[in-house]
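> Quick one, what's the 3D model for this:
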Amino acid sequence: MSAQYLYYSSMKMQHALLLCMALIINACGNAPQKIMTGIQFPDSLQFILDKLDYLPDSSVSTSYNMYILAKVPWEKGHIATCLESSDERSFCWILRKSTNGWQVLDTISDWDVVNLKKEDINGDGMKDLILCGAPTMHGNIRHLPMLAHADGSLNLLRNGSEGFNLHYDAASKKLRSFSIGGIYTTIFKEEYVWEEDAMVLVRGVRFTPPQDMLHSEDPTVEFYHMNGHTTVVDSTITNKHAEEIYYNAFWN
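Sure, this is the predicted structure:
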């Protein structure tokens, strides 16, 4: 084997190695950065990230069963939620676009975030992000807050920090939650305060109507609060005025 042949073979190998290194560096430079560690970054999400900039809300990528559920402007970029749906699970990705491209903020299992709402939910003067689920039969919407902080970060709340139809009342400085229902549905109103980015229930009232039209018992209204993780019933009233008492409690 000649020295010239070995020389040209060595040069070809070096060129091939340099080309591979360039491709790897280029791919890493263009790939979206992940904020949260420990999250698997599947091909299905990469596929939808490449299309998020121009696909509208409620779009679907049939190749991977990925749905763009919602997308809203946020600071100098966007926040979006994408649903990865299969027979085994429903997995929602919460994404944010900034100068570094699309990034994964967090994930939620078995929870379809169909809308995003910007509202100051804790009274600190900054707009927070509220993840909104699909409305129930009676119009109740499950809300899960992501609190905004001065450094621009968003914190997804867990451990019970969610509720139906959440709204912050600036006058009372309390977070309110309520439900609506049919004529034979138990409904409630609750008020929370914020303690270290956690919702703490301070008082609630629950109205329970008769079971159905075949039962003539009086309706019941209960007042309660939380002591740690335990619900403490303060008073129970069962009479024909229970519904009126419920609607006049706390706010109407």
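> Beta-bridge partners for the residue positioned nearest the centre of the chain, please?
Among the residues of the chain, the one closest to the centroid is residue 131, at 3.8 Å (CA atoms, centre = their mean). Applying DSSP bridges to residue 131 gives these bridge partners: residue 116, residue 144.
> begin at 55 from here
Understood, numbering begins at 55; the last thing we discussed is residue 185.
> which residue sits closest to residue 297 in space, ignoring its chain neighbours?
Leaving aside its chain neighbours, residue 297 sits nearest to residue 273 (5.7 Å; criterion: CB to CB, 6 or more residues apart in numbering). Where you see a C-beta, it was placed from the backbone N, CA and C, and this is true even at glycine.
> roughly how far apart are that neighbour and residue 235?
As judged by CB to CB, to the nearest Å, residue 273 and residue 235 stand 13 Å apart.
> okay, those two: which has more neighbours?
Taking other CB atoms under 10 Å, residue 273 and residue 235 do not tie; residue 273 has more neighbours (19 against 16).
> per-residue confidence at the more buried one?
On pLDDT, residue 273 comes in at 93.
> List the contacts of it.
The contact partners of residue 273, taken as CB atoms under 8 Å, 6 or more residues apart in numbering, are 261, 262, 263, 264, 292, 294, 296, 297.
> Name the member of those residues with the most neighbours.
Most surrounded of these: other CB under 10 Å gives residue 261, at 22 neighbours.
> buried residues in the host helix or strand of it?
Under the criterion of DSSP states H and E, residue 261 resides in strand 253-262. For strand 253-262, the neighbour count (16 or more other CB atoms under 10 Å) marks 253, 255, 257, 258, 259, 260, 261, 262 as buried.
> how close does the residue nearest to residue 297 sit to residue 130?
52 Å.
> again with residue 268
60 Å.
> And for residue 207?
From residue 207 to residue 130 the distance is 15 Å (CB to CB).
> which of those two has more neighbours?
More crowded of residue 207 and residue 130, by other CB under 10 Å: residue 207, with 12 against 9.
> Could you check the pLDDT of the more buried one?
pLDDT, read off for residue 207, is 86.
> Need phi/psi at it.
As for residue 207, its main-chain torsions (degrees, to the nearest 10) stand at phi -80, psi 160.
> and what of residue 244?
Torsion angles, degrees, to the nearest 10, at residue 244: phi -140, psi 150.
> Does it touch residue 217 like I think?
Yes: Residue 244 is within contact range of residue 217, at 7.0 Å (criterion: CB atoms under 8 Å).
> ok, now which ones touch the nearest residue to residue 186 once chain neighbours are set aside?
Once flanking residues are discounted, residue 186 sits nearest to residue 169: 4.0 Å by CB to CB, 6+ apart. If a contact means CB under 8 Å, 6+ apart, then residue 169 has 123, 124, 186 as its contacts.
> For residue 227, state which of those residues is nearest.
If you rank the contacts of residue 169 by distance to residue 227 using CB to CB, residue 186 comes first, at 23.1 Å.
> confidence score at the closest one?
91.
> one step back: now do the residue nearest to residue 186 against residue 123, distance only.
Distance from residue 169 to residue 123, counting by CB to CB: 8 Å.
> Check residue 265 too.
Taking CB to CB, one finds residue 265 at 37 Å from residue 123.
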